[in-house]
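Colleague: Got a predicted structure here, sequence first:
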Amino acid sequence: MSGVIGTEPAGRSGGQGAADQTALQAALAAAKAQGRAALVGYLPAGFPDVESSIAVIEAMVEGGCDVIEVGLPYSDPTMDGPSIQRAAATALAAGTTPPDVLRVVEAAAATGAAALVMTYWNPVERYGVDRFCADLAAAGGSGVITPDLIPEEADEWFAATDATGLDRIFLVAPSSSDRRLDLTARASRGFVYAASLMGVTGTRAQVSGAAEKLVARTRAAAPEGLPVCVGLGISNGGQAAEVASYADGVIVGTGFCERVLDAPDLRTATVAVRAFAAELAQGIRLGRED
């Protein structure tokens, strides 16, 4: 899966015409047309079990999420903080499998939100790269976030996502060089995921000051019109407003997982998740107004 840095094979551009937009691209464009950032919510499939995770995702969309990241639970999550690790461990203990993940994706897409999968690379390889993309597209998924895959090792991934029309989202970080930003942005489709800080996921008292600069640097490197969405550390409406003032999307995961982890039952969890999504959505709207 080797690649050549700086080359741009056919099909790797981040741009796509309006006629063949994915649901993700349409959701981000709709938010932009409304003068706001999009709200992207994350939850592991199967947390706390498959049916309950579907109910939680429905509550996230009811509260205002435009895009849902369905996490594929993994036993060695290098990027995930304690809360998401606990959520993923619960899902794995419940026996969640990749076919269950696809079932949750299908349910998420049925809400009207754009549905993505966030997964480490090893489960995709084990499932079969071409098969994974084909099955995800058939389930109504729009694309995949791969936090531990870099573009120069992704030739097989480029071919599979191009063949199925899926968006592929790569990550950049404050430490990324200009060369890395350029390579990653040009390889991405749908959006570029800007990790606002170095380290693992989790709520923070304040958003990293490096996030806004990272978004500006990424936009300068990206194909024209490719959105940049920011995640890691966003835990309340005020922080969502801050990020929404300069980013195209606000990504939140830990806060949703924590509300499910803290709830004594599913009904309490869905009420808390819906209210949290509404708080974030309101903050996002205020971010551009302010």
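Modeller: Received the coordinates, thanks. Note that the structure is a prediction, hence the values are computed from the model and not measured.
Colleague: Residue 278 - how many residues pack around it?
Modeller: 16 (other C-beta atoms under 10 Å). (Glycine included, C-beta is placed from N, CA and C.)
Colleague: Return the distance of residue 62 relative to residue 154.
Modeller: Plainly put, residue 62 is 35 Å away from residue 154 if you go by C-beta to C-beta, to the nearest Å.
Colleague: Ignore what I typed, I meant residue 257.
Modeller: Distance from residue 257 to residue 154, by C-beta to C-beta: 28 Å.
Colleague: Between these two, tell me which one has more neighbours.
Modeller: Between residue 257 and residue 154, counting by other C-beta under 10 Å, residue 257 is the more crowded of the two (28 against 22).
Colleague: Against residue 127, how distant is the nearest residue in space to the more buried one that is not next to it in sequence?
Modeller: Spatially, and ignoring its direct neighbours in sequence, residue 257 is nearest to residue 87 (4.2 Å; C-beta to C-beta, 6 or more residues apart in numbering). From residue 87 across to residue 127, the span is 21 Å (C-beta to C-beta).
Colleague: between those two, which one's more packed in?
Modeller: Neighbour count, other C-beta under 10 Å: between residue 87 and residue 127, residue 87 has more, with 27 against 20.
Colleague: quick one: pLDDT of the more buried one?
Modeller: Here the pLDDT value assigned to residue 87 is 95.
Colleague: name the element it belongs to?
Modeller: Using DSSP states H and E, residue 87 sits in helix 82-93.
Colleague: Show me what that helix is packed against.
Modeller: strand 38-44, strand 67-71, helix 254-262 (3 or more C-beta pairs under 8 Å, 6 or more residues apart in numbering; DSSP states H and E).
Colleague: chain center to the next helix or strand after the first one: distance?
Modeller: Just to be clear, that refers to strand 38-44. As assigned by DSSP H and E, the chain's next helix or strand after strand 38-44 is helix 50-63. Its chain's C-alpha centre and that of helix 50-63 lie 16 Å apart, by C-alpha atoms, centre = their mean, to the nearest Å.
Colleague: For helix 50-63, buried residues please.
Modeller: 50, 52-61, 63 (16 or more other C-beta atoms under 10 Å).
Colleague: And the contacts of the helix or strand residue 242 falls within?
Modeller: Remark: residue 242 resides in helix 237-244, with elements defined by DSSP H and E. Here helix 237-244 makes contact (C-beta atoms under 8 Å, 6 or more residues apart in numbering) with 36-37, 39, 196, 204, 206-207, 211, 230, 233-234, 250, 252, 279-280, 282-288, 290.
Colleague: Likewise for stretch 96-111?
Modeller: If you take C-beta under 8 Å, 6+ apart as the criterion, stretch 96-111 is touched by 23, 44-47, 49-50, 53-54, 57-58, 61, 68, 70, 72-73, 115, 117, 123, 127, 132, 135-136, 139-142.
Colleague: Toward the C-terminus, what is the element adjacent to the helix holding residue 242?
Modeller: Using DSSP H and E, the helix or strand that follows helix 237-244 towards the C-terminus is strand 249-252.
Colleague: Distance to residue 102 and mean pLDDT for the helices and strands packed on helix 82-93 - can I get that in JSON lines?
Modeller: Formatted as JSON lines, those follow (distance: least, C-beta to C-beta, whole Å; pLDDT from 0 to 100):
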{"stretch": "strand 38-44", "distance to residue 102": "14", "mean pLDDT": "98"}
{"stretch": "strand 67-71", "distance to residue 102": "9", "mean pLDDT": "98"}
{"stretch": "helix 254-262", "distance to residue 102": "20", "mean pLDDT": "96"}
